[in-house]
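*Asks:* whatever this is, show me its structure:
(chains A and B)
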Protein chains: 2
Amino acid sequence: MKEAQDDLTVGVLGGLGPEATLDFMGKVLRLSGARSDQEHLHLLIDCNPKVSNRNDAIASRGPSSGPALVAMAQRLEAAGADFLVMACNTAHFYEAGIRAGVRVPFVSIVEETCTALARRLPGARRFGVLAAGGCRQAGLYEKALRRHGFEPVVTDEPEQARFMELMYAIKAGERGGAVAEGMRALGEALIARGAEAVIAACTEVPLVLGEGDLSRPLVDSTAILAEATVAYGKRRRPLPVQGDHAPSAG
Amino acid sequence: MKEAQDDLTVGVLGGLGPEATLDFMGKVLRLSGARSDQEHLHLLIDCNPKVSNRNDAIASRGPSSGPALVAMAQRLEAAGADFLVMACNTAHFYEAGIRAGVRVPFVSIVEETCTALARRLPGARRFGVLAAGGCRQAGLYEKALRRHGFEPVVTDEPEQARFMELMYAIKAGERGGAVAEGMRALGEALIARGAEAVIAACTEVPLVLGEGDLSRPLVDSTAILAEATVAYGKRRRPLPVQGDHAPSAG
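*Replies:* Below you'll find the model as predicted:
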């Protein structure tokens, strides 16, 4: 109980989309191992689905999502968050701007996922990337994987177009066999091209694909961020020093 | 899309417990009928499980939960919430204090649930109440049901002690057959004593008991609050005038 009172308060930039935030929250609760309300972490969640479409913004087809994300981060900081996480990979395009807008640490899902790979899959070097168009266009995982000494295996253009169809279907509430099977086929295509494991580098992917659904391991970025959130929140791991990896964009 | 931009922002006092908040959030998302991120409601969720035990507080066995709840409500208002809901029945003991502490409307789960009964179960008059000790001790549902012209059917002392055992088991993460079966047996006891339907008047109950699990209807207060939240958030129903029912306590 003493320890639980010393927990850090977590600020969650969410709603990108909302079901992915629900999935993230559920994973945090399950990984907390709490036996009473009070042993759980205090989560401040801004589930804001009104943020402009990130993929359109990054492709210069729509307004920037940056100002809304910075405002969310600042609201969470003002409400008492000790550190911030964002339950969306693509929105990490705006990571540098968010970091610049607040004083509290920001924990990157991209960095946490790439850091977890060596521990989870020792020896593996080539990782498939299932990510949204904006995330791919900004090269968020490609750059981070190479920085960690790994080689990214990415979708080709038709596969990427198919990914976006499936992602928007999931956001529209479709979770049926066809959507899950379509996503599984994209993962297998990356494995056929040499991926030793596939990163669910979009938080919509784990809504239809589980860790054992591919012929090689699926690495769930939502689960890794949830695990890191619990570790930091429970002070089992020191928060990462800010600016210890190259932020991606403004 | 025009309409979606006009949605109200919802402030959620949560974490009482966290799994009940997750359940509430999931029900709001499912009831929103959104086909894109942007069609979902903007939810500001303070999932704060560090609030003192409400049942102990109401029984004067522990510190008041009131100040923490008022602070949460004020933080949510400051962050931009247009109205507030609380995904916990027992904590509505502090409803009057919360209302007094903010300018935005507070939507009561107790009031919404009692209002929904006539619509959902026309003709029914005697309602069973499965609620936590603090909620029972304060008579939150007993008073509200009588105000609406209904008759409450409540647990006796041994049944209430059993309810608390089951509630804390659910909060400890136990969802297995024994816990669900125990809760079902309590519901059936109320039905045997004349209840025409049973109100899950504690947000932990729907985590183990579904709407069709009893021999009479189970009324899920979490689902009713979620439905009301969507209706108010989407401006399909005007927000209730504040103070139009006697608040319960300070």
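*Asks:* just the CA atoms of stretch A:30-48, as CSV, please.
*Replies:* Provided in CSV are the C-alpha atoms of stretch A:30-48 (Å, rounded to 0.1, in the frame of the first residue of the first chain):
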residue,chain,number,x,y,z
ARG,A,30,-4.2,-6.5,-16.7
LEU,A,31,-0.4,-6.0,-16.4
SER,A,32,-0.7,-4.0,-13.2
GLY,A,33,-1.4,-7.2,-11.2
ALA,A,34,-3.5,-5.1,-8.8
ARG,A,35,-5.6,-6.9,-6.1
SER,A,36,-7.6,-3.8,-5.1
ASP,A,37,-8.6,-0.5,-6.7
GLN,A,38,-5.8,1.4,-4.9
GLU,A,39,-3.0,-0.8,-6.3
HIS,A,40,-3.9,0.3,-9.8
LEU,A,41,-2.2,3.2,-11.5
HIS,A,42,-3.8,6.6,-11.7
LEU,A,43,-4.5,7.2,-15.4
LEU,A,44,-5.5,10.5,-16.9
ILE,A,45,-6.8,9.7,-20.3
ASP,A,46,-7.6,12.3,-23.0
CYS,A,47,-9.5,10.1,-25.5
ASN,A,48,-9.8,12.8,-28.2
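*Asks:* that one near chain B at all?
*Replies:* Yes: using CB under 8 Å from any CB of the partner chain, stretch A:30-48 reaches chain B at A:34-48. Where C-beta positions appear, they are placed from N, C-alpha and C, glycine not excepted.
*Asks:* then stretch A:211-225?
*Replies:* No: using CB under 8 Å from any CB, stretch A:211-225 stays clear of chain B, with a minimum separation of 14.2 Å.
*Asks:* sorry, back to before: and the residues of stretch A:30-48 next to chain B, which is closest to residue A:9?
*Replies:* Nearest to residue A:9 among these: residue A:42, at 4.5 Å, using CB to CB.
*Asks:* list only buried entries from the residues of stretch A:30-48 next to chain B.
*Replies:* Neighbour-count burial within the residues of stretch A:30-48 next to chain B applies to A:34, A:37-48; the criterion is 16 or more other CB atoms under 10 Å in any protein chain shown.
*Asks:* looking at those, which is nearest residue B:183?
*Replies:* Among those, residue A:37 lies closest to residue B:183 (CB to CB), at 18.2 Å.
*Asks:* wait, isn't the closest one in contact with residue B:20?
*Replies:* No: if you go by CB atoms under 8 Å, residue A:37 and residue B:20 don't touch, sitting 9.4 Å apart.
*Asks:* show residues contacting the helix or strand containing residue A:189.
*Replies:* Taking DSSP states H and E as the definition, residue A:189 sits inside helix A:177-192. Helix A:177-192 has contacts (CB atoms under 8 Å, 6 or more residues apart in numbering or on different chains) with A:128-130, A:153-155, A:159, A:162-163, A:165-166, A:169-170, A:198, A:205, A:208-209, A:213-216, A:218.
*Asks:* which helix or strand lies directly C-terminal to it?
*Replies:* strand A:197-200.
*Asks:* chain center to whichever helix or strand comes after that next one: distance?
*Replies:* With elements assigned by DSSP H and E, the helix or strand that comes after strand A:197-200 is strand A:218-220. Here strand A:218-220 shows a centroid-to-chain-centroid distance of 11 Å under the convention CA atoms, centre = their mean, to the nearest Å.
*Asks:* swap in stretch A:175-188?
*Replies:* Chain-centre distance of stretch A:175-188: 19 Å, with CA atoms, centre = their mean.
*Asks:* now do the buried residues in it.
*Replies:* If you call a residue buried by 16+ other CB under 10 Å, then stretch A:175-188 has these buried ones: A:179, A:180, A:183, A:184, A:186, A:187, A:188.
*Asks:* quick check: residues of chain A near chain B?
*Replies:* A:4-5, A:7, A:15-19, A:22, A:25-26, A:29, A:34-51, A:53, A:75, A:78-80, A:168, A:171-173.
*Asks:* tell me where the model's unsure across chain A.
*Replies:* Along chain A, segments meeting pLDDT under 70 span A:1-5, A:243-250.
*Asks:* can you list the domains in chain A?
*Replies:* A:2-108+A:223-233, A:110-221 (automatic domain parsing).
*Asks:* just those: most buried one?
*Replies:* Here the criterion is mean neighbour count by mean count of other CB atoms under 10 Å in any protein chain shown, and of those the winner is domain A:2-108+A:223-233, at a mean of 21.
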